[in-house]
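> this one's sequence-less:
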């Protein structure tokens, strides 16, 4: 009985403790649950929507060079004795660039002098020939005029004579016709009708034939005179045609002048003992000669002229050219020379080879004294956008662009933060920010980074803002 | 023969009634160890508002995953659980604190005023919450304690039901004991603390137990006074569980049931003694 009572007592004690154990277990589970929740809940970094301009930093690698390049030429077919400058060499004014072989130079001078003399002779011959032709023409013209006058006089007399004969025949015919009265004819007609009729007809026919013959003769003579005069006029015209002076003389003259010019250069070269010196300070870009080579029409040297203004020339890809515009200012850095220029303005942007653009920026005088490699850096700013979010917070899903916004909600756990997907339209973006429009507010908190993937409606915890 | 048949029939009827009354608990137990998809299929009539809802006697694929998820992946469960513990404990302690002296007063001082007050207490006890709801709300609003636990705890601390139960326990104490105490120069406090409370302890415990059960399961008061979810007790958190988290409903239900079962298991003797004293006195 006593044992039963003890057991009941122990049972009762255990029952009382069971509630405590239960509550203790629930407390432990509460802590564990909280711990699990804090481990499982995504921790996020958020930021606010910003009102800003998007910046596009651009770096263009290129070269500082002079605005114009100068070519150094030499008379062709001269043998090079020495070359004193090579590609990329810096040369000062009056520095020797190369020298020509003096012996060869003398030969060339002699040859050119001969050519000048040959030109002079040729020109004189052409001039003489021309004078002879002029005299011959004058003679021919005079003769043609004389021939014309002779034909005119001779044919005129003959024509006058024939005209008079024709007129006489005509008058004779008219007179004969006038002397034959009508009434007498009628009286005689009865008597000697047949005899008279035959006589008159015969006489009339004779006079008419005579007149016609004289008239035909006159006309033929007039026509032949006309033809003769026409021929005489033509001969006169032919003789009077001016003689065109041949251009050979002028060409010869020009050739002579050209040779003389070259000759003067050769004389000058001879005076300089065959040395060709730089006319300005600059850098050799190209060298087209070597010792022993023969000069040609091509430039001997191509040089940058440091006396001319400097400019930056660089190339960028066409896709990046949208960020470049004339008038933009940037910073030019010549790393090797340690030169940094601020406020360098882009003066020209042109299309270059396929898929690239050439950017030119003129540099202020005295700001740069040497050519070399340089980098032009500048930043293009877009127009101001009210809703800009970090690029890392913008996602592209099957339904378009969206970002994750933090929303607050009253839950059993208290005021909790939840993730909400917000669809937006992308306006433009750079590497860091994106300008969007849509259901965005300046008070929105945007999830930039998360410790794990976030689904719509997930609870989140902000660890950094 | 007839008596034995009658006995068997009565036992069978009792067993059947017992099975029927225990069926919900059994369903909660089986539901708590059933997988989510099986539950969704079986209870599709509830979630989809069409189709058939069946009872599961034994799950096809028993699992404790619902417990794991609830215990480790649902921190809000512990919020509402501890809210329930806090509310219930505060109310029960408050009731004991106020009901025991009140019951002692009713049992010791007899008179017209005392009788009137007691009748008033009985009337107040008979009034359901729906009747006093509006006035409770207005008072809570006046004292600016709406949407706080105080709005539930303070009115409940002055409940009349425990006073009636404890009063009956004090009434059951023989008058001779008080007289003996007074002869030993025991004052009123000694009489209350050394004679009344120890002897009425079963009644006090029973009242506390019944109050704990009542306020653990309260629904109307939190629904009316608490708008902030973080203040909710377990009893109104349950309906907020949706179909996506169907296993939690059964596990939560089990967890709602468990503390009270444990409490009853621990206090069944006190409850029997307290209510038994009450019945004996009646």
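Thanks, I have the structure now. Quick caveat, the model's predicted, so the values are computed rather than measured.
> ok, the residue in the stretch 351-465 of chain A positioned nearest to chain B to residue B:228 distance?
Using C-beta to the nearest C-beta, residue A:412 is the residue of the stretch 351-465 of chain A that sits closest to chain B, at 3.7 Å. C-betas here are computed from N, CA, C, even on glycine. Residue A:412 is 9 Å from residue B:228, where distance means C-beta to C-beta, to the nearest Å.
> show me what from chain B comes close to chain A.
B:71-82, B:85, B:228-230, B:232, B:237, B:240, B:258-259, B:262-263, B:265-266, B:269 (C-beta under 8 Å from any C-beta of the partner chain).
> try 6 Å
Within chain B, the positions lying close to chain A (C-beta under 6 Å from any C-beta of the partner chain) are B:71, B:72, B:75, B:76, B:78, B:79, B:80, B:229, B:230, B:262, B:266.
> so can I have TSV of the residues you listed showing pLDDT?
What follows is those, written out as TSV (pLDDT from 0 to 100):
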residue	pLDDT
B:71	85
B:72	83
B:75	86
B:76	86
B:78	91
B:79	91
B:80	91
B:229	88
B:230	89
B:262	87
B:266	82
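> buried among these? Make that a PyMOL selection.
Command for PyMOL that selects the buried part of the residues of chain B next to chain A, burial taken from 16 or more other C-beta atoms under 10 Å in any protein chain shown:
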select buried, chain B and resi 71+75+76+78+79+80+229+230+262+266
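> farthest pair in the residues of chain B next to chain A?
Spanning the widest gap among the residues of chain B next to chain A are B:229 and B:266, at 31.2 Å by C-beta to C-beta.
> which bits of chain A sit near chain B?
A:15-16, A:18-19, A:22, A:29-30, A:33-34, A:36-37, A:410-414.
> hey, what's residue A:357 bridged with?
residue A:316, residue A:351 (DSSP bridges).
> just the one 5 residues further on next, same as before
Each beta-bridge partner of residue A:362 is listed here, defined by DSSP bridges: residue A:311.
> and it, how close does it get to residue A:346?
Distance, residue A:362 to residue A:346, by C-beta to C-beta: 9 Å.
> neighbour count winner among the two?
For residue A:362 versus residue A:346, the count of surrounding residues by other C-beta atoms under 10 Å in any protein chain shown is larger for residue A:346: 21 against 15.
> give me the phi and psi for that one.
phi -70, psi 120 (degrees, to the nearest 10).
> hang on, isn't it packed against residue A:361?
Yes. Between residue A:346 and residue A:361 there is a contact under C-beta atoms under 6 Å: 5.0 Å.
> rewinding a little: selecting buried members of the residues of chain A next to chain B in PyMOL, what would you type?
Restricted to buried positions by 16+ other C-beta under 10 Å, the PyMOL selection for those reads:
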select buried, chain A and resi 15+29+30+33+37+411+412+413
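> which of the residues of chain A next to chain B lies closest to residue A:277?
residue A:37 (87.3 Å).
> identify the residue nearest the residue nearest the centre of chain B in space, chain neighbours excluded?
Closest to where the C-alpha atoms of chain B average out (C-alpha atoms, centre = their mean) is residue B:213, at 1.3 Å. Nearest in space to residue B:213, with sequence neighbours left out and distances taken as C-beta to C-beta, 6 or more residues apart in numbering or on different chains, is residue B:260 at 5.7 Å.
> what's the mean pLDDT across stretch B:173-184?
For stretch B:173-184, mean pLDDT is 82.
> show me the strands in the stretch 301-450 of chain A, by range?
A:301-305, A:310-317, A:329-334, A:339-345, A:348-351, A:356-362, A:372-390, A:394-397, A:400-411, A:414-429, A:433-438, A:445-450 (DSSP state E, counting those that start in this stretch).
> hey, which of these is tucked in deepest?
Across the strands of the stretch 301-450 of chain A, averaging neighbours per residue (mean count of other C-beta atoms under 10 Å in any protein chain shown) puts strand A:301-305 on top, at a mean of 22.
> helices of chain A, start to end?
Counting by DSSP state H, the segments of chain A that form helices are A:2-40, A:102-178, A:182-240, A:248-271.
> can I get these in TSV including mean pLDDT?
Below are the helices of chain A laid out as TSV (pLDDT from 0 to 100):
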stretch	mean pLDDT
helix A:2-40	75
helix A:102-178	88
helix A:182-240	80
helix A:248-271	88
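> quick one: the residue nearest to residue B:213 is in a helix?
Yes. Residue B:260 sits within a helix when classified using DSSP: H, G, I helix; E, B strand; the rest coil.
> measure it to residue B:149 for me?
20 Å.
> more crowded one of these two?
residue B:149 (18 against 15).
> give me phi/psi at the more buried one?
For residue B:149, the backbone dihedrals are phi -70, psi -20 (criterion: degrees, to the nearest 10).
> picking that back up, can the strands of the stretch 301-450 of chain A go into a markdown table with extra columns for mean pLDDT?
A markdown table is the format used below for the strands of the stretch 301-450 of chain A (pLDDT from 0 to 100):
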| stretch | mean pLDDT |
| --- | --- |
| strand A:301-305 | 87 |
| strand A:310-317 | 87 |
| strand A:329-334 | 87 |
| strand A:339-345 | 84 |
| strand A:348-351 | 85 |
| strand A:356-362 | 87 |
| strand A:372-390 | 88 |
| strand A:394-397 | 89 |
| strand A:400-411 | 90 |
| strand A:414-429 | 90 |
| strand A:433-438 | 91 |
| strand A:445-450 | 90 |
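> who touches residue A:78 in this structure?
With contact set as C-beta atoms under 6 Å, 6 or more residues apart in numbering or on different chains, residue A:78 has these partners: A:100, A:295.
> make it 7 Å
Counting by C-beta atoms under 7 Å, 6 or more residues apart in numbering or on different chains, residue A:78 touches A:100, A:104, A:105, A:108, A:294, A:295.
> still on that earlier bit, what is the nearest of the residues of chain A next to chain B to residue B:209?
residue A:19 (11.5 Å).
> pretty sure residue B:264 is one of the things that closest one touches, is it not?
No. The pair residue A:19 / residue B:264 is not scored as a contact, 10.8 Å apart, by C-beta atoms under 7 Å.
> which neighbours do the two have in common?
In contact with both residue A:19 and residue B:264: no residue, using C-beta under 7 Å, 6+ apart.
> so what's residue B:42 closest to, chain neighbours aside?
Spatial nearest neighbour of residue B:42, chain neighbours left out: residue B:54 (5.1 Å); criterion: C-beta to C-beta, 6+ apart.
> try residue A:390
Leaving aside its chain neighbours, residue A:390 sits nearest to residue A:448 (5.1 Å; criterion: C-beta to C-beta, 6+ apart).
> tally of neighbours for the residue nearest to residue B:209 when sequence neighbours are not counted?
Distances taken as C-beta to C-beta, 6+ apart place residue B:267 nearest to residue B:209, at 4.8 Å, with adjacent residues excluded. When neighbours are defined as other C-beta under 10 Å, residue B:267 has 22 of them.
> tell me how far residue B:267 lies from residue B:237.
Between residue B:267 and residue B:237 the computed distance is 25 Å (C-beta to C-beta).
> ok, residue A:348 next?
73 Å.
> and what of residue A:127?
Taking C-beta to C-beta, one finds residue A:127 at 127 Å from residue B:237.
> what sits against residue B:125?
B:160, B:161, B:164.
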